[in-house]
Each structure stands twice: as C-alpha cells, then as structure tokens.
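Visitor: what shape does this take:
(one chain, ligands or ions: 1)
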Amino acid sequence: MRDLSGEPALLSINGATIRKQADLLGIIEGCARHGIADISPWRDQIDAVGLKSAQQAIKDAGLKLSGFCRGGLFPADSAHRNEMRDDNRRYVDAAAALGAPCLIVVAGGLPQYARPGSAPSKDIVAARAQIEDGIAELLAYARTARLPLAIEPLHPMYCADRAAVNTLAHALDIAARLDPQQSGMLGVAVDVYHTWWDPDLYAGIARAGREKRILAYHVCDWLVPTTDMLNDRGMMGDGVIELRRIRAAVEDAGYSGLIEAEIFSDRWWAEPLDTVLATCVERYRTVV
Ligand code: ZN
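Guide: Predicted structure coming up:
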C-alpha cells in the first residue's frame, strides 16, 4: 500500500469540494498554496472562466488533472437525444483539450431527470438500455479523441434522478460488453461514497483490476445520520467508510493513480477554502 504520510503528491481535489468558495482560478491558487498538484474540474467551472484561460491557468500552475466531470446523462426522449449527444461530445473535447486522463461518465436516471423536458417515464429497464447505447456511441467518439471514459456507478438512492448504474459489477458488465478487448478506453471510477455498502465491493474491485478498468478513485465519507441525499457527504475520517481497506484493495488491484477528494457538503462549503484544503491534506495523510 502506498505511503501517503508525506507531501500530498497523490491528492487531487474535485472541483465540487470547494465550488461555493471559489471559481476555477481560485481553486487552482488554493491548491498551489497547499502543495496540491492535481485537480478534477467540472464543466461549468471551465465554462465560467473559459477553456483557454482554464488551460493556461492549469499549465502555469503545473497542475495535473485526475479526471473531468462529467459526461453521461444518457436517457432522453427522442426530442432531447441530439442535445444529449452534442453535450457529451463537447465534454470529451474539453477533457481532451485540458489533458484529463478520463471523462467521468454519470449514466443518468429516468429521462425526465437526465434530460429535463423529456417525456416522463417509469421504465428503468428502458433507461438502462439507453444508457448502454449512449455509452457505446460516445465510446466511438472518445476513441477518436483518445480520451478514456470512466463509468462511475452511483449509490442506488440516485437511481431515479442521477444514475441507473448502481454497482461496480453493473458498470464492469457494461464495460465488458462494449469493450471486450480491454482497450483502456472504457473503465470505471470507484467512489467510496457510492460503493462502500456493496457486499460485492471487494470482488468488484478485484475484477476491475483483472480487467484493467480502474481509471479513477474518489474519496469522502458516509455520515450517520446523512441528512441530505446530495450535499451531506463527510470529510474523510468523519464517517463509517473503511477508507484504508478500500484503498488497499484498489491498489492491490493495480491502481496507481491519484486519489481524488470529492465532497459535496453544505457544511464544508460554509468553511473557508483554506480550512477545507488543509483538512483534506491532513486527512489524506492520516486516514485515507
Ligand atoms: Zn465520484
């Protein structure tokens, strides 16, 4: 297992973690102050400052990206399918332009939530079929851009509105069907928040390693009680997730990439940016 007790060389900050405190340029400056060399920005954060300024600021700061958030949200009615396709191709292009190692793909749930304005549906089976078709189509485009796609399974509480891919096994099955040659262009993002509860988690991580699919690793913690489904993730060490055990499994499976702190939290958004980053570094060293 890698030793994280020194400089936070493997720590990446997901842009959502401090999205309320600063724009992308402020996040880049903050990471530099705390010796953090890696980030994973969101598309809206890039749009807010412009792709060119973002590219320049990332280059000037010598930062690397651990990913780019996010593509996907595939289920749509016929009136919204072109929008979905165009959006996703733009995400691939932006991620490639910024030198991201992968585009994080969040599948989407029912069409009226994945693509607002779509005709309401309760057909989760059809939504999952659209997700797989959507990934297949986007993968063909991503191959031309040499930009790997990382399917991120989300906790099942988000099945209706955010992602109907809810387990590592489901994500790996999709990857196996669409990329049987294990080309390196289609993999998974393992996020402890979404996967820690799964009785098949460790089997899934081992399989993901054998099939060479782990493209990203995200950390935070699960608070008890969790008071908001979206914005009450815990800081690493404040909850019940066995962070060291999961990281050991991911590293045993061959993952040698960055460790991304992704914390959607009203309580941490209310703290100063420097407090959040200093706490992320301290927890990275001591509990991650
Ligand atoms: Zn994540």
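Visitor: now the spatially most central residue of the chain: how far from residue 120?
Guide: For the chain, the residue sitting closest to the mean C-alpha position, by CA atoms, centre = their mean, is residue 104 at 4.9 Å. Plainly put, residue 104 is 27 Å away from residue 120 if you go by CB to CB, to the nearest Å. To be clear about C-beta, it is placed using only N, CA and C from the backbone, and glycine gets the same treatment.
Visitor: also residue 2?
Guide: Counting by CB to CB, the gap from residue 2 to residue 120 is 47 Å.
Visitor: what of residue 288?
Guide: 41 Å.
Visitor: these two - which one has more neighbours?
Guide: Neighbour totals were compared for residue 288 and residue 120, and residue 288 leads with 22 against 9 (other CB atoms under 10 Å).
Visitor: any idea of the pLDDT on the more buried one?
Guide: Each residue has a pLDDT score; the one for residue 288 is 98.
Visitor: that one and residue 241 touch, don't they?
Guide: No: between residue 288 and residue 241 there is no contact under CB atoms under 8 Å: 10.3 Å.
Visitor: scan the chain for its longest helix.
Guide: Looking across the chain with DSSP state H, the single longest helix is helix 124-145.
Visitor: buried stuff in that helix?
Guide: 127-128, 130-132, 134-135, 137-139, 142-143 (16 or more other CB atoms under 10 Å).
Visitor: from residue 219, how far off is the residue of the stretch 51-200 of the chain found nearest the ion?
Guide: In the stretch 51-200 of the chain, no residue comes nearer to the ion than residue 191, which is 3.5 Å away by CB to the ion. Distance, residue 191 to residue 219, using CB to CB: 8 Å.
Visitor: quick one, which of those two is more surrounded?
Guide: Using other CB under 10 Å, the more surrounded residue of residue 191 and residue 219 is residue 219, with 29 against 23.
Visitor: write out the residues of the chain neighbouring the ion.
Guide: 191, 218, 262 (CB under 5 Å from the ion).
Visitor: swap the cut-off to 6 Å and go again
Guide: Applying CB under 6 Å from the ion, one finds that the chain approaches the ion through 152, 189, 191, 218, 262.
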